[in-house]
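1. Pasting a predicted model and its sequence here:
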Amino acid sequence: MSGFVCPHCKCESLIFPPVSGGAKKMCTDYNIDLIGQVPLEPNILLCTEKGKCLSDQFPESKAA
């Protein structure tokens, strides 16, 4: 997860800052592509539990 998205103001905060380089550095170290970073967003869980598509239910979300 790349950060937390507030369900009220939609601001993203880093909960676990990449003090050692994070996923980007790991991918560089292993010579692989970083294909994406998904924010920690409560709507992902809600859609998953209901069997719904996040991008259909919340198209404006950063995760979508």
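-> Now that the structure is in, tell me what you want to look at. Keep in mind that what you see is a predicted model, and the values were worked out from it rather than measured. Numbering: from 1, shown residues only.
2. and the gap between the closest residue to residue 38 other than its chain neighbours and residue 47?
-> Closest residue to residue 38 apart from its sequence neighbours, by C-beta to C-beta, 6 or more residues apart in numbering: residue 63 at 5.7 Å. C-beta: built from backbone N, CA, C; applies to glycine. In this structure, residue 63 and residue 47 are separated by 9 Å, where distance is defined by C-beta to C-beta, to the nearest Å.
3. rewinding a little: what helix or strand does the residue nearest to residue 38 sit in?
-> With the criterion set as DSSP states H and E, no secondary-structure element contains residue 63; it sits in neither a helix nor a strand.
4. wait, isn't it in contact with residue 42?
-> No: taking C-beta atoms under 8 Å as the contact criterion, residue 63 and residue 42 are not neighbours in contact, 10.0 Å apart.
5. what residues do the two have in common as contacts?
-> Overlap between the neighbourhoods of residue 63 and residue 42 consists of residue 5, taking contacts as C-beta atoms under 8 Å, 6 or more residues apart in numbering.
6. Below-threshold pLDDT in this protein: ranges please.
-> For the chain, the stretches flagged by pLDDT under 70 are 1.
7. ranges for the strands of it?
-> Taking DSSP state E, the strands of the chain run over residues 4-5, 12-13.
8. Need the winner for burial among the ones you listed.
-> strand 4-5 (a mean of 18; mean count of other C-beta atoms under 10 Å).
9. packing partners for it?
-> Identification of packing neighbours for strand 4-5 by 3 or more C-beta pairs under 8 Å, 6 or more residues apart in numbering; DSSP states H and E yields strand 12-13.
10. Show me how far the strand it packs on is from its chain's centre.
-> Mean C-alpha position of strand 12-13 versus that of the full chain (C-alpha atoms, centre = their mean, to the nearest Å) differs by 10 Å.
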